[in-house]
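Colleague: what would the 3D arrangement of this be:
(chains A and B)
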Amino acid sequence: MDGYDKTKNSLQNKIENSLINEFYNEEYEKVDEKLKCSDGAFEFKSKLNSTTLKMAVLNEDIFDFKIDTLSIIEQGESIRENNKANKEFILFILTSFIILSLYAIAIIKIDPNILIISQIFIVIIVPWIIIPIAAIKRRGSEV
Amino acid sequence: MDELELINKAKDGNKSALNSLLKDNLNILKGYVVKMVGDPHLAQDIIQDALLKAVININKFEPKAKFSTWLIKIATNVYRDYLRKNKISQVVEGNLADRGKQVEDIVIANYEYKEIMKIILKLPYEKRAVFILKHYYGYKYEEISQIINCPIGTVRSRLHNAVKFIIKEIERKEIM
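Modeller: Sure thing, here's the model as predicted:
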């Protein structure tokens, strides 16, 4: 292919691209009006129009299959619940690990009496805090 | 009830609103996936997977774009993952013949439908997606670039190549 043919092809390519953009209502590079009125441009335009007519055949909805959206929603909700439960479980394990580790470090490094003090605190004080909170929460959910 | 209201209710856990939202957008999703895939059985699986992902991630949806656009984006990703997993080569003639046969079972009398579908299936999936979104759904280049995550220039050149290829194939097959 010589230089002249290459230039001609690239020009034709440019016109075709511009016509495609114009056809689909997109911004297009301005090309010389003379070139847009050339035989090649007219021919491409007419091919574009007849192709569109041919492609319209795919607009027909010939495949009739049913999709049960409600069962997909149920499935999705159960997957979401499972994911949530898994995340909560991992969070619970991590938090427990961190608390118990800090507790063990405190007993070893600070004072072993922390173990006895904390046990007394957990047995005597904590129920006085947890039971009223649980009762208020239950009453709130019943209302 | 408008789409935004349905989306908000669906995010709050209202199943009926979510169901209406999915049903309202099912036809556009179905049309897109059937054109992309060319095989009704595979299309059904991809639509179901896409809807399932949409249900699971409904809280992540931001109503900047239309809900149908979001569904199309999910379906495109599901199909891309399917192609990767199954390592389907888009240009293998035998594969196309198989797909053609599947279409043929359902549309025996529809020669043109089958031929046009075969031409569309010959396009690599990226170009096919761009062409379908532009030609059948009138999306702007910018919207398409967001759906398939690529620059606008790439969308433009993919559309140009796809259109030229389709014209050439239609001429070659003498459907024109």
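
Colleague: residues touching the residue of chain B at minimum distance from chain A, list them.
Modeller: Among all residues of chain B, B:Val55 sits closest to chain A, at 2.9 Å; criterion: CB to the nearest CB. C-beta here means a position set from N, CA and C on the backbone, and glycine is covered the same way. Residues in contact with B:Val55, defined by CB atoms under 8 Å, 6 or more residues apart in numbering or on different chains, are A:Ile72, A:Ile73, A:Gln75, A:Gly76, A:Glu77, A:Arg80, B:Leu18, B:Leu22.

Colleague: helices - which of the residues you listed land there?
Modeller: Helix and strand membership here follows DSSP state H; of those, those in helices are A:Ile72, A:Ile73, A:Gln75, A:Gly76, A:Glu77, A:Arg80, B:Leu18, B:Leu22.

Colleague: among those residues, who's most crowded?
Modeller: Taking other CB atoms under 10 Å in any protein chain shown to define a neighbour, the member of the ones in helices among the contacts of B:Val55 with the most is B:Leu18, carrying 25 neighbours.

Colleague: wait, isn't that residue in contact with B:Phe61?
Modeller: No - under the criterion of CB atoms under 8 Å, B:Leu18 lies out of contact with B:Phe61, with a separation of 11.0 Å.

Colleague: lowest average confidence, helix or strand, in chain B?
Modeller: Scoring the helices and strands of chain B by mean pLDDT, DSSP states H and E places helix B:93-106 at the bottom, with a mean of 50.

Colleague: quick check: what element follows that helix along the chain?
Modeller: helix B:111-122 (DSSP states H and E).

Colleague: gap between that following helix and the chain center?
Modeller: The gap between where helix B:111-122 is centred and where its chain is centred comes out at 15 Å by CA atoms, centre = their mean, to the nearest Å.

Colleague: put the alpha carbons of it into PDB.
Modeller: Presented in PDB, the C-alpha positions along helix B:111-122 are these (Å, rounded to 0.1, in the frame of the first residue of the first chain):
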ATOM      1  CA  TYR B 111     -33.200 -16.800  10.300                       C
ATOM      2  CA  GLU B 112     -32.400 -13.100  10.500                       C
ATOM      3  CA  TYR B 113     -32.500 -13.100  14.300                       C
ATOM      4  CA  LYS B 114     -30.100 -16.000  14.400                       C
ATOM      5  CA  GLU B 115     -27.700 -14.400  11.900                       C
ATOM      6  CA  ILE B 116     -27.700 -11.000  13.600                       C
ATOM      7  CA  MET B 117     -27.200 -12.700  17.000                       C
ATOM      8  CA  LYS B 118     -24.200 -14.700  15.600                       C
ATOM      9  CA  ILE B 119     -22.600 -11.400  14.300                       C
ATOM     10  CA  ILE B 120     -23.100  -9.800  17.700                       C
ATOM     11  CA  LEU B 121     -21.600 -12.800  19.500                       C
ATOM     12  CA  LYS B 122     -18.600 -12.600  17.300                       C
END
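
Colleague: many thanks, we can stop here.
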